[in-house]
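**Student:** just to be clear, the model below is a prediction. Sequence and coordinates:
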Amino acid sequence: CRWVDYETQLTNIKKLCTNKSGYIGIAWSRQERKWLSMISIGNKTKRIGGYKTQKEAVEARNKYIDENNLQHQKNIYIGELSYGY
C-alpha cells in the first residue's frame, strides 16, 4: 500500500459498473449516434472525439495516450461489444 497523487490514482481506475461499452473511456452517445472516446486528466474529462465504430474510438484513445505519454491504462480491442441499451 502506498500514497499517490490524484493523477496517479486516475491511471489505476477500473471500468465503472455503469460502463455499457466494455471499454474504459468509451461510451455510446444516443444523441450523436457515435462512439465517444474520452480520457480524464487532472480532474477534467477531455473528449478525444466521436467515431462510427467502437474500434475507431478505442484506437483513438490509445493513440492519444501514446502521443501524450500518459500513464493511463490502454484498451485492448477484442471486438464489437454490446451497446447495453
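**Tutor:** Looks like it came in fine. Please read these numbers as outputs of a predicted model, since none were measured by experiment.
**Student:** OK, contacts around S37?
**Tutor:** Contacts were defined as Cβ atoms under 8 Å, 6 or more residues apart in numbering; by that measure S37 touches G25, I26, R47, I48, G49, G50, Y51, A57, V58, A60, R61, Y64. The C-beta positions use only the backbone N, C-alpha and C, and glycine is treated the same way.
**Student:** now the helix or strand it falls within: how far from the chain's centre is it?
**Tutor:** Assigned by DSSP states H and E, S37 falls within strand 34-41. In terms of Cα atoms, centre = their mean, to the nearest Å, the centre of strand 34-41 is found 5 Å from the chain centre.
**Student:** give the rounded mean pLDDT of that strand.
**Tutor:** What strand 34-41 shows for mean pLDDT is 92.
**Student:** buried stuff in the next helix or strand after it?
**Tutor:** Next along the chain after strand 34-41, taking DSSP H and E as the criterion, comes strand 44-51. By neighbour count on 16 or more other Cβ atoms under 10 Å, the buried set for strand 44-51 is I48, Y51.
**Student:** and what of stretch 21-35?
**Tutor:** S21, G22, Y23, I24, G25, I26, A27, W28, K34, W35.
**Student:** make TSV out of those residues and add distance to Q73 and secondary structure.
**Tutor:** Shown next, in TSV, are those (distance: Cβ to Cβ, whole Å; DSSP: H, G, I helix; E, B strand; the rest coil):
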residue	distance to Q73	secondary structure
S21	15	coil
G22	14	coil
Y23	10	coil
I24	6	coil
G25	9	coil
I26	12	strand
A27	16	strand
W28	20	strand
K34	23	strand
W35	18	strand
